[in-house]
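J.: Sequence and predicted model, in that order:
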Amino acid sequence: MEIDGIKAVAESSDKLLTWSLAVIGGTIGTILGTNYKHPNGIGKWMYLLFLPGWICLGVSFYNGTQVEDILNASMAYTNSIDSTGERLMAIVDVYEHQRLFFYYSLLFFGIWLAFYVVWWIISSDTKTKTNDTL
């Protein structure tokens with residue numbers, strides 16, 4: 001029964017890993033993108049919010065791999081009923097850290113988005129980058 005709980009937590013962890021990869025790809029695309037307004041001067045500093053966001057995503061991703069490791073250990077030692085409960089507690093704890101750091105990363109990216117939208121609305125000194133080679 002507890003093995004089913006461990007598998008359920010591992011499935012949720014896999015979804016967070018997928019979302020983490022999507023967010024990393026989206027933020028890299030945002031920085032490398034050329035068809036939107038980019039800030040000049042001091043406005044570029046808001047992009048520094050990506051660094052703690054990426055760090056939090058990295059920690060979240062690491063915790064997701066730890067969930068997989070605990071799942072694999074649980075599957076290898078299914079005869080040991082005494083430690084299955086301990087592994088369930090461990091996997092839930094690691095999963096909670098994974099989720100927490102994923103949410104922290106979304107907070108940093110959300111703050112960046114709020115700054116960007118405010119800058120976009122009030123700024124008159126903007127330039128639009130376009131990719132003319134396409």
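T.: Yep, it's here. Residues are numbered from 1 along each chain as shown.
J.: which one's the longest helix in this protein?
T.: helix 81-122 (DSSP state H).
J.: In terms of secondary structure, what does that one contact?
T.: Here helix 81-122 touches helix 2-32, helix 50-76, going by 3 or more CB pairs under 8 Å, 6 or more residues apart in numbering; DSSP states H and E. Every C-beta, even on glycine, is put in place using the N, C-alpha and C of the backbone.
J.: Of all those, which one comes closest to Val117?
T.: The closest of the helices and strands packed on helix 81-122 to Val117 is helix 2-32. By CB to CB, the value is 13.1 Å.
J.: pLDDT on the closest one, on average?
T.: Confidence for helix 2-32, expressed as mean pLDDT, is 86.
J.: Likewise for stretch 44-60?
T.: 93.
J.: same question, stretch 103-122
T.: Here the average pLDDT along stretch 103-122 is 92.
J.: mind exporting that stretch as CSV, just the C-alpha atoms?
T.: Presented in CSV, the C-alpha positions along stretch 103-122 are these (Å, rounded to 0.1, in the frame of the first residue of the first chain):
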residue,chain,number,x,y,z
TYR,A,103,7.0,27.9,-6.5
TYR,A,104,9.8,30.2,-5.5
SER,A,105,11.1,30.1,-9.0
LEU,A,106,7.7,31.1,-10.3
LEU,A,107,7.6,33.9,-7.8
PHE,A,108,10.9,35.3,-9.2
PHE,A,109,9.7,35.0,-12.8
GLY,A,110,6.3,36.6,-11.8
ILE,A,111,8.1,39.5,-10.2
TRP,A,112,10.2,39.9,-13.4
LEU,A,113,7.0,39.8,-15.5
ALA,A,114,5.3,42.5,-13.3
PHE,A,115,8.4,44.7,-13.6
TYR,A,116,8.5,44.2,-17.3
VAL,A,117,4.8,45.0,-17.8
VAL,A,118,5.1,48.2,-15.7
TRP,A,119,8.2,49.2,-17.7
TRP,A,120,6.4,48.4,-20.9
ILE,A,121,3.4,50.6,-20.0
ILE,A,122,5.3,53.6,-18.7
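J.: Report the buried residues of that stretch.
T.: If you call a residue buried by 16 or more other CB atoms under 10 Å, then stretch 103-122 has these buried ones: Tyr104, Ser105, Leu106, Phe108, Phe109, Trp112, Phe115, Tyr116, Trp119.
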